[in-house]
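Generate a structure from the sequence data that follows.
(chains A and B, ligands or ions: 2)
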Amino acid sequence: MIEINNIKKSFGEQQVLKGISAVFKEGKCNLIIGKSGSGKTVTLKTMVGLVEPDEGEVLYDGRSFTKMNFKERKLIRREIGMLFQGGALFDSMTVEENIRFPLDMFTDMSIAEKTEQVNICLKRVNMVNTNKKYPGELSGGMKKRVGIARAIVLNPKYLFCDEPNSGLDPKTSLVIDDLIQHITEEYQMTTVINTHDMNSVMGIGDHVVFLHEGYKYWEGNREEIMQITEGELFDFIFASDFLKNLRRNAKV
Amino acid sequence: MKFLEDIGGYLVMIRHAFSRPEKAAMYSKETFRQMVDIGIGSLSIVAIISTFMGAVTAVQFSYQLKSIGLVPMWWMGSIVRKGLILELAPTITSLLLAGKVGSNIATELGSMRISEQIDAYEIMGVNTRSYLVGPKILAAIVVIPMLIVLAVALGILGGWAGGVLGHFFTTAEYIRGLQDNMKNWDVIVMFIKCLFFAFIIASIPCYKGYNVSGGALEIGRASTQAVVLTSIMLVVVNFFIAFFLLGE
Ligand SMILES: Nc1ncnc2c1ncn2[C@@H]1O[C@H](COP(=O)(O)OP(=O)(O)O)[C@@H](O)[C@H]1O
Ligand SMILES: [Mg+2]
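Ligands and ions are numbered 1, 2, ... in the order given. You can find the predicted model right below:
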């Protein structure tokens, strides 16, 4: 479980987060949704410490991450996996070296053990036999899958995904969503996903937080979203008039 | 204000770059990779430039000395050797490497920053300033002096070829000059220069690349700025080293 309390963050004059609080539960896909520029990435990066909040606190199962020093944070970071928007695979390394990197850096496993663990992860994301390929040779969807494999190689308790579907076609998006959902349930991870993709909200939105103009505007699950008929969230989800009418007519 | 911030940021980066590594084996592997990158990658260009640099020095100086007519031509060996060791090899090679290695480093780190690879390392708990910056500076300090020594050797060879082909002096005269007026101090000054220069060539582009924000355009801009700033720092530091170590 991850808790964020009253997170505030400004860049210069612009206050991006104006006091966000939320609780993200384990074994669930927790979604942060909102228009682009609404502060989803900043929220996620604040949670993992890539951005320091001006105010507020982030707690990992009760442990205050915000108050920790670099050394203490490092221990929590061993429990964190993150999938970045473009995959963020290391260009100079092969797929196998990418996934093995956390093992090389932080464990004393033998080469055989590491290779086995890498192959388990590659199999989990359906990318067997791509070990020797370089990131430049992979498609967008494959990069994300390798990114997921790298994120889960140390069996993290917490998984963060920044726009896992951006740049992917709808079908591949579903595959990635399913993968994230299955892994979350399988390992009982606390998963936090940024997205503006409504398919994801309907598909895997166990718990949804809607950010709007720096505030948490709404919180609930996908069933509850379907009940909404007006307001900012309604405009966001049923973006086109066509969908709005469809929704309103269904209600009548 | 921005200038002071940059100096502060640069110093903080340098301090972190040499903090204790979490896993020595990974760091030495990375350092070795960087040494190969910098060394092998720059070998041919340094070889070509230094050979011609030596040759043209021999020809130009011989031409001038000849027109004065008071100096024996065997001095040329000593003039070429001294010129290369004290000034030409370290400075010209370093300016060249500022362009080649410097822009490489800034571009590499800049694109790692933009594509969130640096964030990915951070998330894992890697101290990126020590893992990404430290090995580059260390590799430069080891490899760049070697390249400069090579530049001296090839420059002397080029000087011989230029002078002999231009009929300014004979091989025997050149060798006599090379052995004349040898001073260890010159070589020590050269190595001091090498160390300072290598540090500058790696560290400034690291700072510029590591701190890129924005998009692809900014990577190009950071890379250019890195080369310009590195070159300026090289000539300034070069002057001060010469001033303090060679002045009376
Ligand atoms: N490092 C930064 N410096 C300045 N402004 C930033 C920075 N990171 C994000 N912002 C600003 O914060 C706002 C929210 O950005 P972001 O969290 O990336 O939005 P999104 O919801 O699309 O992920 C944007 O207006 C962006 O310009
Ligand atoms: Mg974003």
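
residues in chain A within reach of chain B, list them.
A:45, A:48-50, A:70, A:73-75, A:77-78, A:80-82, A:84-86, A:88-91, A:101-102, A:104-106, A:150 (Cβ under 8 Å from any Cβ of the partner chain). Every residue, glycine included, has its C-beta placed from N, CA and C.

where along chain B do the helices fall?
With helices called from DSSP state H, chain B shows them at B:2-17, B:24-68, B:75-83, B:89-97, B:103-114, B:117-124, B:128, B:134-165, B:171-179, B:184-210, B:216-246.

Contacts for the fourth one, please.
Meaning helix B:89-97. B:38, B:42, B:45-46, B:49-50, B:53, B:144, B:147-148, B:151-152, B:155, B:190, B:193-194, B:197-198, B:200-201, B:231, B:234-235, B:238 (Cβ atoms under 8 Å, 6 or more residues apart in numbering or on different chains).

got the CA coordinates for that helix in CSV?
This file holds the C-alpha atoms of helix B:89-97, laid out as CSV (Å, rounded to 0.1, in the frame of the first residue of the first chain):
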residue,chain,number,x,y,z
ALA,B,89,50.8,17.9,-28.6
PRO,B,90,49.0,18.6,-25.4
THR,B,91,47.1,21.6,-26.5
ILE,B,92,46.2,20.8,-30.1
THR,B,93,45.3,17.2,-29.2
SER,B,94,43.2,18.3,-26.3
LEU,B,95,41.3,20.9,-28.4
LEU,B,96,40.7,18.1,-30.9
LEU,B,97,39.4,15.8,-28.2
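
between it and helix B:103-114, what angle do the directions make?
Interaxial angle, helix B:89-97 versus helix B:103-114 (axes from the mean of the first three to the mean of the last three Cα atoms, to 10 degrees): 40 degrees.

one step back: now the buried members of the contacts of helix B:89-97.
Buried by 16 or more other Cβ atoms under 10 Å in any protein chain shown: B:38, B:42, B:46, B:49-50, B:53, B:144, B:147-148, B:151-152, B:155, B:190, B:193-194, B:197-198, B:200-201, B:231, B:234, B:238, out of the contacts of helix B:89-97.

which residues of chain A fall in strands?
With DSSP state E as the criterion, chain A has strands at A:2-11, A:14-24, A:29-33, A:55-60, A:63-64, A:80-83, A:158-162, A:190-195, A:207-212, A:215-220.

is the last one anywhere near ligand 1?
If I follow you right, that is strand A:215-220. No - using Cβ under 6 Å from any ligand atom, no contact is recorded between strand A:215-220 and ligand 1, whose separation bottoms out at 13.0 Å.

Okay, buried residues for that strand please.
Result for strand A:215-220 [16+ other Cβ under 10 Å]: buried residues A:216, A:217, A:218.

Neighbouring strands - and their directions - for it?
The strands that strand A:215-220 pairs with in its sheet are strand A:207-212 (antiparallel) (by DSSP bridges).

Count the neighbours of whatever residue of chain B ends up closest to ligand 1 for me.
Distance from ligand 1 to each residue of chain B (Cβ to the nearest ligand atom) is smallest for residue B:213, at 6.4 Å. Residue B:213: 9 surrounding residues under other Cβ atoms under 10 Å in any protein chain shown.

cool, residue B:169 as well?
25.

Contact residues of the stretch 151-252 of chain A facing ligand 1?
For the stretch 151-252 of chain A, no residue is in contact with ligand 1 (Cβ under 6 Å from any ligand atom).

In the stretch 151-252 of chain A, which residue sits closest to ligand 1?
In the stretch 151-252 of chain A, the residue that lies nearest ligand 1 is residue A:194 (6.2 Å; Cβ to the nearest ligand atom).

which residues touch stretch B:217-233?
So stretch B:217-233 is contacted by B:95, B:98-99, B:102-103, B:105-107, B:110-111, B:114, B:200-201, B:204-205, B:207-209, B:211-212 (Cβ under 8 Å, 6+ apart).

Could you check it against ligand 1 for contacts?
No - Stretch B:217-233 does not reach ligand 1 (Cβ under 6 Å from any ligand atom); its nearest approach is 12.6 Å.

Okay, buried residues for that stretch please.
Burial within stretch B:217-233, assessed by neighbour count using 16+ other Cβ under 10 Å, is assigned to B:219, B:222, B:223, B:226, B:227, B:229, B:230, B:231, B:233.

ok, back up a step: isn't the residue of chain B closest to ligand 1 up against residue B:110?
No - Residue B:213 is beyond contact range of residue B:110, at 9.5 Å (criterion: Cβ atoms under 8 Å).

Residue A:57: what's it in contact with?
A:3, A:4, A:5, A:6, A:7, A:64, A:65, A:66, A:67.

Residue A:69 - how many residues pack around it?
7.

And it, how close does it get to chain B?
The gap separating residue A:69 from chain B is 13 Å, by Cβ to the nearest Cβ, to the nearest Å.

cool, and residue A:233?
29 Å.

quick one: contacts for that residue?
Per Cβ under 8 Å, 6+ apart, neighbours of residue A:233: A:210, A:212, A:217, A:218, A:225.

if we can go back for a sec, got JSON lines for the helices of chain B, with mean pLDDT too?
Below are these laid out as JSON lines (pLDDT from 0 to 100):
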{"stretch": "helix B:2-17", "mean pLDDT": "93"}
{"stretch": "helix B:24-68", "mean pLDDT": "94"}
{"stretch": "helix B:75-83", "mean pLDDT": "93"}
{"stretch": "helix B:89-97", "mean pLDDT": "97"}
{"stretch": "helix B:103-114", "mean pLDDT": "97"}
{"stretch": "helix B:117-124", "mean pLDDT": "96"}
{"stretch": "helix B:128", "mean pLDDT": "94"}
{"stretch": "helix B:134-165", "mean pLDDT": "97"}
{"stretch": "helix B:171-179", "mean pLDDT": "94"}
{"stretch": "helix B:184-210", "mean pLDDT": "96"}
{"stretch": "helix B:216-246", "mean pLDDT": "96"}
